[in-house]
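Asks: Below are the sequence and a predicted model for it; my questions follow.
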Amino acid sequence: MKCIAIDDEPLALDLLEDNISMVPYLQLVGKCSNAFEAIAILQQQEVDLIFLDIQMPGLTGLQFLQSLAHKPLVILITAYEKYALEGFNLDVTDYLVKPVSLERFFKACNKARELYQLKNNHKPSATHPDFFFVNVDYSLQKIVFADILWIEGLKDYVRIHLRNNPKPVITRISFKSLEEQLQPGKFIRIHKSYIVAIAAITAIRKNSIFLDTIELPVGDTYRDSVYAITGKTNL
């Protein structure tokens, strides 16, 4: 399993790296001192598991987690017990309170491995991972990921806006369900009702994202994660 470790404390990050090195089925592909570095890694490669601190400057671990359109397995590691309920509401795999014993760390990793194997054993094999299908007017319509500009949630429906297609595709599916099908690192949620393709973004202002002449609002909850793709903490 490919994993990354995120912690703003250098000693804690080094200890986490040592613990990960003792787990034979884990491969550490990135060490990050903040959430912005992690976002950059997720845009470049697929990650199966994230070890995530909560209290970090700029973008907290929970804010980072909420910003992800496609969430890998996540193990929260923090010095504070008070965020446990919020963490589990975000479907984290486990919640570890520092200092973490090696036995407790292995237990969390084994739990993540079981979930990973269960997910992949029940995941249909995809010979064409660059597209998916949605129900449209009693038929299945092919949607190529690279053609998506932005997606709009409309209660029980979503509207998918595509390149070179003036008419959006409207399909009956929950916003969350469609969000889970998107390629990790290629899309970002900017509002409770909008997800955009990162490659399609042409400009960012304080409360808006632009896709050429299209302007979409940025929700307060998602503003920090939007700034993160620019490599800046604010505009």
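Replies: Noted; the coordinates are in hand. Numbers count the residues shown, from 1 in each chain.

Asks: Can you list the residue ranges for helices in the protein?
Replies: Applying DSSP state H to the chain gives helices spanning 10-21, 35-44, 61-67, 84-89, 102-121, 175-181, 223-228.

Asks: And the contacts of the third one?
Replies: Same thing as helix 61-67. Contacts of helix 61-67 with the rest of the structure, by C-beta atoms under 8 Å, 6 or more residues apart in numbering, involve 6, 35, 38-39, 52-55, 59, 71, 74, 76, 78, 83, 86-87, 90, 92, 188-189, 221-222, 224-225, 228. Where C-beta positions appear, they are placed from N, C-alpha and C, glycine not excepted.

Asks: quick one: least confident helix or strand in the chain?
Replies: helix 84-89 (a mean of 65; mean pLDDT, DSSP states H and E).

Asks: Outline the domain layout of this structure.
Replies: Annotated domains of the chain cover 2-121, 131-228 [automatic domain parsing].

Asks: mean confidence score for the shortest one?
Replies: Yep, that's domain 131-228 we're talking about. What domain 131-228 shows for mean pLDDT is 88.

Asks: and that domain, how far from the chain's centre?
Replies: Its chain's average C-alpha position is 14 Å from that of domain 131-228, according to C-alpha atoms, centre = their mean, to the nearest Å.

Asks: try stretch 92-105
Replies: 21 Å.

Asks: Let's see the distance spanning that stretch from one end to the other.
Replies: Taking C-alpha to C-alpha, to the nearest Å as the measure, stretch 92-105 stretches 15 Å from start to finish.

Asks: can you check stretch 199-206 too?
Replies: End-to-end for stretch 199-206, by C-alpha to C-alpha: 19 Å.

Asks: how about the residue positioned nearest the centre of the chain, what does it touch?
Replies: Compute the mean C-alpha point of the chain, and by C-alpha atoms, centre = their mean the closest residue is residue 68, 2.7 Å away. Residue 68 is in contact with 42, 184, 189, 225, counting by C-beta under 8 Å, 6+ apart.

Asks: before we move on, what about residue 107?
Replies: Contact partners of residue 107, counting by C-beta under 8 Å, 6+ apart, are residue 94.

Asks: That one and residue 121, how far apart?
Replies: Using C-beta to C-beta, to the nearest Å, residue 107 is found at 21 Å from residue 121.
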